[in-house]
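Peer 1: model the following, please.
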Amino acid sequence: MSDAEFEAFEDAVGDLGDRVSEFLAEGSDLSAEEINDDVEDLPVPDPLDDRAADK
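Peer 2: The predicted model follows:
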């Protein structure tokens with residue numbers, strides 16, 4: 001994957017996150033920005049923790 005493709009992918013994921021926050025805000029007392037900020041504060045697990053250790 002080229003750098004340009006990766007950037008486009010990151011942008012698309014960011015846009016999707018914004019759309020989801022806006023959708024969730026419609027049925028909530030929170031704004032889309034508040035929801036997005038709360039999601040940004042969630043801990044993100046390290047995906048490498050689930051891999052088997054090299055022997």
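Peer 1: next, count neighbours for Val20.
Peer 2: 14 (other Cβ atoms under 10 Å). Just so you know, the C-beta spots here come from the backbone N, C-alpha and C atoms, and that holds for glycine as well.
Peer 1: which secondary structure elements does the biggest helix by length in the chain sit against?
Peer 2: Taking DSSP state H as the criterion, the chain has its longest helix at helix 3-26. When contacts are defined as 3 or more Cβ pairs under 8 Å, 6 or more residues apart in numbering; DSSP states H and E, helix 3-26 packs onto helix 32-40.
Peer 1: confidence score at the residue nearest to the spatial centre of the chain?
Peer 2: Nearest residue to the geometric centre of the chain (Cα atoms, centre = their mean): Gly17, 5.9 Å. With respect to pLDDT, Gly17 scores 89.
Peer 1: check contacts around it.
Peer 2: Counting by Cβ atoms under 8 Å, 6 or more residues apart in numbering, Gly17 makes contact with 36, 39.
Peer 1: before we move on, what SS does Asp29 have?
Peer 2: Under DSSP: H, G, I helix; E, B strand; the rest coil, Asp29 falls in the coil class.
Peer 1: and it, how many residues sit next to it?
Peer 2: By other Cβ under 10 Å, the residues close to Asp29 number 6.
Peer 1: how close does it get to Ile35?
Peer 2: For Asp29, the distance to Ile35 (Cβ to Cβ, to the nearest Å) stands at 11 Å.
Peer 1: one more: Asp41?
Peer 2: Taking Cβ to Cβ as the measure, Asp41 falls 11 Å from Ile35.
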